[in-house]
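Q: I'll drop the sequence and a predicted model, then ask my questions.
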Amino acid sequence: MRLQRAAGGGLCLLLAIVLCAVPAAALDTLFLVRHAEKSEGWPQDSVLDAFWPLSPAGQVRAEFLASRLENAGIAAVYTTRTTRTLMTGLPLANRIRVPISANDDSKDNMEAFLSAVRGKHPNDKAVLIVGHSNTIPLLLVRLGAGPDCFGRLGIVKKGDTLLIEGHDGLWRADLKKEGCEALSRE
């Protein structure tokens, strides 16, 4: 009887070790991109800023982004609540038939946003996040970017603000790695 209990206890211990050794499913990759180029001649009114559409060149860039990521295993597209970010992510979402969601662009909610994205996609390969010149750097910092890799990632500091200049970057965060090693820019 004692031998059976000991054998059963050993089996349970072995099973627990094996289960702990199997990694939990988790989202693999986040792709981040700044919205494409805005149209010219839009009224300089803070109330209308959220409705600022893409220029023809921006629409071409959004289509190119869709072509670039259509086979990347994207499970969803997240944008801010602005026309330009929605227009940047929509061609990909439509092409691969995944949901597009507008999130709150609050700088205070970045950590909660990233946590929610990871929680919604535990078994997915990748998601795309479309942001702005001042939100992409904040997300990259929360994903492990430090000052030592700002130059490589195209992050510049202007006063107390971190920015991305231009519209030509696509960032990849490998969520299986940590720090600057996890981040790259195309």
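A: Great, that's in hand.

Q: Is there a neighbour count for D124? I'd like the number.
A: 19 (other Cβ atoms under 10 Å). Backbone N, C-alpha and C define where each C-beta goes, glycine included.

Q: Likewise for N134?
A: For N134, using other Cβ under 10 Å, the count is 15.

Q: Name the SS class of the closest residue in space to it that isn't next to it in sequence, please.
A: In this structure, N134 finds its nearest non-sequential neighbour in L163, 5.8 Å apart by Cβ to Cβ, 6 or more residues apart in numbering. Assigned by DSSP: H, G, I helix; E, B strand; the rest coil, the conformation of L163 is strand.

Q: For L163, name its beta-bridge partners.
A: V156 (DSSP bridges).

Q: quick one: the helices in the chain?
A: Per DSSP state H, the chain carries helices over the ranges 2-21, 56-69, 83-96, 110-120, 136-142, 150-153.

Q: K176 contacts K125, doesn't it?
A: No. Assessed by Cβ atoms under 8 Å, K176 is found out of contact with K125, at 11.6 Å.

Q: residues shared between the contacts of these two?
A: D28 (Cβ atoms under 8 Å, 6 or more residues apart in numbering).

Q: so which of the helices of the chain gets nearest L170?
A: Of all the helices of the chain, helix 56-69 sits nearest to L170, with 7.0 Å by Cβ to Cβ.

Q: What are the buried residues along the closest one?
A: G58, Q59, R61, A62, L65, A66, L69 (16 or more other Cβ atoms under 10 Å).

Q: With stretch 108-118 instead?
A: For stretch 108-118, by 16+ other Cβ under 10 Å, it's M110, F113, L114, V117.

Q: Could you double-check that the third one sits in contact with L139?
A: Yep, that's L114 we're talking about. Yes. The pair L114 and L139 qualifies as a contact (Cβ under 8 Å) at a distance of 6.9 Å.
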